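K.L.:
heads up, no residue letters with this:
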Ligand SMILES: [Zn+2]
């Protein structure tokens, strides 16, 4: 068995291990997230919008009134990623 075939065979098990959120993202990849809800305020720093079709979330900037960053099903992960990105930028400009 070649290496490539073996990895393809393992793929469904990887999805199962990664959790329901990832599996849902794969299943609903056809969704274009065109029907986003109104922005919901999470805390002083973050707002987000939810896709009414598939439930995926995206961070939202009320000042520019635009969504930003990647889409994801785990809001806490999105915020953690955004914080990490900001820290990186601060270090680069300092
Ligand atoms: Zn969607």
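P.N.:
In hand now; what should we look at? As the structure is a prediction and not an experimental result, all values here were calculated from the model.

K.L.:
look at residue 79 and report its pLDDT.
P.N.:
As predicted, residue 79 sits at a pLDDT of 97.

K.L.:
what is the neighbour count of it?
P.N.:
The number of residues packed near residue 79 is 19, by other CB atoms under 10 Å. Placement of C-beta: from N, CA and C, glycine included.

K.L.:
how about residues contacting the helix or strand harbouring residue 48?
P.N.:
Counting by DSSP states H and E, the element that carries residue 48 is strand 47-50. Identification of contacts with strand 47-50 by CB atoms under 8 Å, 6 or more residues apart in numbering yields 36-42, 56-62, 67, 75, 78.

K.L.:
just those residues: which are in strands?
P.N.:
Using DSSP state E, 40-41, 57-61, 67 are the members of these that sit in strands.

K.L.:
turn those residues into a markdown table, columns for distance to residue 49.
P.N.:
As requested, those are exported to a markdown table (distance: CB to CB, whole Å):
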| residue | distance to residue 49 |
| --- | --- |
| 40 | 7 |
| 41 | 11 |
| 57 | 7 |
| 58 | 6 |
| 59 | 8 |
| 60 | 5 |
| 61 | 11 |
| 67 | 6 |
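
K.L.:
which ones among the contacts of strand 47-50 come in contact with the ion?
P.N.:
Residues of the contacts of strand 47-50 in contact with the ion (CB under 5 Å from the ion): residue 56.

K.L.:
please indicate which of the contacts of strand 47-50 are buried?
P.N.:
Taking 16 or more other CB atoms under 10 Å as the criterion, what is buried in the contacts of strand 47-50 is 36, 39, 42, 56-60, 67, 75, 78.
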